[in-house]
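Trainee: coords please:
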Amino acid sequence: MGRYFLLVPLLLFASGCQVRPASAEAPEIAPVPVAPAVPCVVSSAVADIGTKEQWENGGPRVDEYLRSVKLGTGFYWCAAFAHAKHRECGIVLEPAREFASALRFSKENVVFRRGQETDTVGAPGYVYTMNYGKGKGHIGIEESEDEDFITGIEGNTNDGGSRNGNGVYRRVRDKQTIWTVNNYLND
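Mentor: Residues are numbered from 1 along each chain as shown. Sure thing, here's the model as predicted:
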């Protein structure tokens, strides 16, 4: 064990390190910028990009999303996808069956509603809703945003942005089409 104590000063000397006395003042160190943590809801949603229906509004993974809101195969599932991603991250939204509707997500924890003047409407992990009238809507999980657009992960959409598509996709939405942005994260 004694030879290790001799080796440390030798290694410090050989590497050019200087040992300062305890009373010496330490130099100021510039802080290292830390990237913001990606919310679990976003990581979970991103991991599912590429999930596809095996039949209309159904399939093994799609049916898991639907079960999170107590529905079976065959229903529109964009809101069930958002609900399931929150549940996977320990955020339980109850009563679960109500969250089968995209417009249900728009009712609470509103941080932005169409018509408000602001450049930033949300943050990664927030949900955004679109309202097509007569109870029809669509929902996504925000991944990022810029001045004009929100990039999000959406279930039950397609390359064209349909509200009844065939899988999980990354979509870019014009902020003018967003009805609400809502924060259901536990932050």
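
Trainee: helices of the protein, start to end?
Mentor: Applying DSSP state H to the chain gives helices spanning 2-15, 40-47, 60-68, 78-88, 102-105.

Trainee: for the shortest one, packing partners?
Mentor: Other elements packing on helix 102-105 under the criterion 3 or more C-beta pairs under 8 Å, 6 or more residues apart in numbering; DSSP states H and E are helix 78-88, strand 127-133, strand 136-145. Every C-beta, even on glycine, is put in place using the N, C-alpha and C of the backbone.

Trainee: switch to 6 Å and redo it
Mentor: Helix 102-105 sits against strand 127-133, strand 136-145, with contacts defined as 3 or more C-beta pairs under 6 Å, 6 or more residues apart in numbering; DSSP states H and E.

Trainee: most centrally placed residue in the chain?
Mentor: Val42 (2.1 Å; C-alpha atoms, centre = their mean).

Trainee: in the chain, what helix or strand scores lowest on average pLDDT?
Mentor: Lowest by mean pLDDT, DSSP states H and E among the helices and strands of the chain is helix 2-15, with a mean of 47.

Trainee: where does the protein have low pLDDT?
Mentor: Low-confidence segments of the chain (pLDDT under 70): 1-24, 26-27, 33-35, 119.

Trainee: the residue nearest to the centre of the chain contacts Pro124, correct?
Mentor: Yes. Between Val42 and Pro124 a contact is recorded at 5.1 Å, counting by C-beta atoms under 6 Å.
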